[in-house]
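# Fold the stuff below for me.
(one chain, ligands or ions: 1)
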Amino acid sequence: MSLPNPEALYARLRDQIEKAFPDRSELGLIGVHSGGAWIAERLHEDLAFTLPCGFLDSAFYRDDFSERGLKEAPKPAEVPFEVQGRTILLVDDVLYTGRTTRAIVNHLFDFGRPAKIELAVLLDRGGRELPIDAQYVGKHLPLKSNEAFVLTLDEQGAFRLELEVKPN
Ligand SMILES: O=c1cc[nH]c(=O)[nH]1
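Take a look at the predicted model:
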């Protein structure tokens, strides 16, 4: 499979968000560690968000935590604005089953009751197990269950995308 250029996907996502939110002065931006946090930081800078950028980690909140365990120590939650009554834009790199998003939404409610939550992702790989969808998508690209997108940053801070294939 030829993989899309993640910088081109990012540009498409950024343009959708700029159009959907011409006034970003009250919009709360939250990136999901780790890939979503890198994307949110870029969006925050490129689109000059007013409020500081927030970050959440889904690790402790996933419903399959007991099966998956913790690969890395979860990063502390950073939500540097009032969540109560605010529109929140969550950002993640890949949308798959929807379980990470559900976990992040749960976690977010610990900070208050948002007016609305929307989701932006670089890649939607299909395979949903929950009724969750993204409003802003760089590209829909279905993968097989033994495949995974892996987003990294190169030395210059540019996005790199790889396909990881696990043996069946
Ligand atoms: O393909 C996938 C699915 C979930 N999360 C990833 O980073 N990649």
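
# So Ala120 sits against Val94, correct?
No - between Ala120 and Val94 there is no contact under C-beta atoms under 8 Å: 11.9 Å. From N, CA and C alone the C-beta is placed, and that goes for glycine too.

# Against the ligand, how distant is the residue nearest to Pro6 when sequence neighbours are not counted?
Excluding its sequence neighbours, the residue lying closest to Pro6 (C-beta to C-beta, 6 or more residues apart in numbering) is Phe159, at 3.8 Å. Computed as C-beta to the nearest ligand atom, to the nearest Å, the Phe159 to the ligand distance reads 13 Å.

# ditto for Thr100
In terms of C-beta to the nearest ligand atom, Thr100 sits 7 Å off from the ligand.

# Same check on Pro131?
For Pro131, the distance to the ligand - C-beta to the nearest ligand atom - is 18 Å.

# and that residue, how many neighbours?
Residues near Pro131, counting by other C-beta atoms under 10 Å, number 7.

# same question, Phe49
Counted with other C-beta under 10 Å, residues neighbouring Phe49 total 20.
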